[in-house]
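A.B. asks: sequence unknown, structure follows:
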């Protein structure tokens, strides 16, 4: 099952996903903001060109809004045990993304963590906070804010999967819906009615 | 996987130089403060939306 961003928006687009929206200023970028990689550069080059940099916020040293932009902190926290040999370097080039809202951001790695119920960090991944998003699975699309999508339900196999698309967004604009041939006529009609009543689909 | 194949095909069509990023992963501690094994941590990380490897082009 595919959720596909609309052709016009994403001919060369990559998709950004921030798992920790608190790392970015409110309202600016969210999980699922769509953009396009326009360049690759180091954090220093980005600073010189006054391009905003995705900041890795370290728990022990929270960055206050008033401080000047710094080179992102890429050193692993001492109490975590590294799983591989990867070490990010200060001279590494990161993708610079232009988002559909016009904002440009150097997407240096951010921290993605799996936490226990006590807030303990069980595992942590530092990675460039982007995923390719010409196509997305419905599973991954949950919790994302997508403005335009094409939905392929041609291999839908469970009642309710189509409706799930709308669980987080009432204003989603669906440009295409391909309904499964396997779906019963009754279910297809029901799904269509739900989509029609809650979106601008035609 | 269908989604991955679709994205990789589109990525291949781009002519820019490819930049590949491998994630920097680490294991932490459970609620009792005990170390989480490397295998368990690696398994936990598969839940994340951020992939262990991502290739991008302009």
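C.D. replies: All right, it came through fine. Source: prediction; values computed, not measured.

A.B. asks: residues near residue A:48, how many?
C.D. replies: 10 (other Cβ atoms under 10 Å in any protein chain shown). (C-beta placed from N, C-alpha, C; glycine too.)

A.B. asks: for residue A:106, see how far away it is.
C.D. replies: Computed as Cβ to Cβ, to the nearest Å, the residue A:48 to residue A:106 distance reads 11 Å.

A.B. asks: where is the longest helix in chain B?
C.D. replies: In chain B, taking DSSP state H as the definition, the longest helix is helix B:2-13.

A.B. asks: report pLDDT for the residue nearest to residue B:24 when sequence neighbours are not counted.
C.D. replies: Nearest residue to residue B:24 in three dimensions, chain neighbours excluded: residue A:126, at 4.1 Å (Cβ to Cβ, 6 or more residues apart in numbering or on different chains). pLDDT for residue A:126: 89.

A.B. asks: next structured bit after the longest helix of chain B?
C.D. replies: Heading C-terminal from helix B:2-13, the first helix or strand you meet, by DSSP states H and E, is strand B:19-22.

A.B. asks: pairing partners for that next one, with directions?
C.D. replies: Here strand B:19-22 is paired, per DSSP bridges, with strand B:53-56 (antiparallel).

A.B. asks: quick revisit: buried sites along the longest helix of chain B?
C.D. replies: Buried residues in helix B:2-13, counted by 16 or more other Cβ atoms under 10 Å in any protein chain shown: B:3, B:6, B:7, B:10, B:11.

A.B. asks: domain ranges for chain A?
C.D. replies: A:10-131, A:147-198 (automatic domain parsing).

A.B. asks: what is the burial count for the residue nearest to residue B:24?
C.D. replies: By other Cβ under 10 Å, neighbour count at residue A:126 equals 25.

A.B. asks: my guess is it contacts residue A:113. True?
C.D. replies: No. With contact defined as Cβ atoms under 8 Å, residue A:126 and residue A:113 do not form a contacting pair (9.8 Å).

A.B. asks: where in chain B is pLDDT low?
C.D. replies: By pLDDT under 70, the low-scoring segments of chain B are B:1.

A.B. asks: got any ranges where chain A has weak pLDDT?
C.D. replies: For chain A, applying pLDDT under 70 flags the ranges A:1-32, A:55-78, A:135-202.

A.B. asks: returning to that earlier point: other SSEs contacting the longest helix of chain B?
C.D. replies: Helices and strands touching helix B:2-13, by 3 or more Cβ pairs under 8 Å, 6 or more residues apart in numbering or on different chains; DSSP states H and E, are strand A:2-5, strand A:135-136.
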